[in-house]
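[1] dropping the sequence and predicted coords here.
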Amino acid sequence: MRSAFAALFLVLSLLPSATHHLLAQNTAKAGRKVLVTVQPIYPAILKNGHFEGQIRMDASVLANGTVSKVEIRGGNPIFAQFVVEAVMKWKYAPSPAPTVEEVTFNFTSR
């Protein structure tokens, strides 16, 4: 089972960027304003197979608004890599101090 998951994960990470994107995204709590967002890739193989899931994470944001780290708190591990890659490109509004922002992504095939 682990080798099958690892093989699927490897195949998905090598897919070309011409894939479907996430249909729904929302932040879990009101926090700093997001100035630039990048949607995670929703690979066609997962969307066509009706794979769905949610990822909950904490994004560590520096005072200048740059995301320095993303920590997955829960959800479907198949989608985790895609979410981390996208959120690391986000830009938040500047703040007097670093913050941790809660973010949730929902992948739906509808």
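    Thanks, I have it. None of these values were measured; they are calculated from a predicted model. Numbering: from 1, shown residues only.
[2] when you work out contacts or count neighbours from here on, use the C-alpha atoms and nothing else.
    Fine.
[3] nearest the middle, which residue of this protein would you pick?
    Val83 (1.7 Å; C-alpha atoms, centre = their mean).
[4] over to it: give its phi and psi.
    Dihedral angles of Val83 (phi, psi; degrees, to the nearest 10) stand at phi -70, psi -50.
[5] tally of neighbours for the nearest residue to it once chain neighbours are set aside?
    In space, and not counting its chain neighbours, Val83 is closest to Pro40: 5.2 Å by C-alpha to C-alpha, 6 or more residues apart in numbering. By the criterion of other C-alpha atoms under 10 Å, Pro40 has 22 neighbours.
[6] how much space between Pro40 and Ala97?
    As judged by C-alpha to C-alpha, to the nearest Å, Pro40 and Ala97 stand 27 Å apart.
[7] same check on Val87?
    Taking C-alpha to C-alpha, one finds Val87 at 19 Å from Ala97.
[8] those two: which has the busier surroundings?
    Val87 (22 against 10).
[9] distance of that one relative to Gly49?
    25 Å.
[10] and Ala59, by the same measure?
    Distance, Ala59 to Gly49, using C-alpha to C-alpha: 29 Å.
[11] with neighbour numbers in mind, choose between these two.
    Shown here are Ala59 and Gly49; by other C-alpha under 10 Å, Ala59 has more neighbours (22 against 10).
[12] need phi/psi at the more buried one.
    Per degrees, to the nearest 10, the backbone of Ala59 is at phi -100, psi 120.
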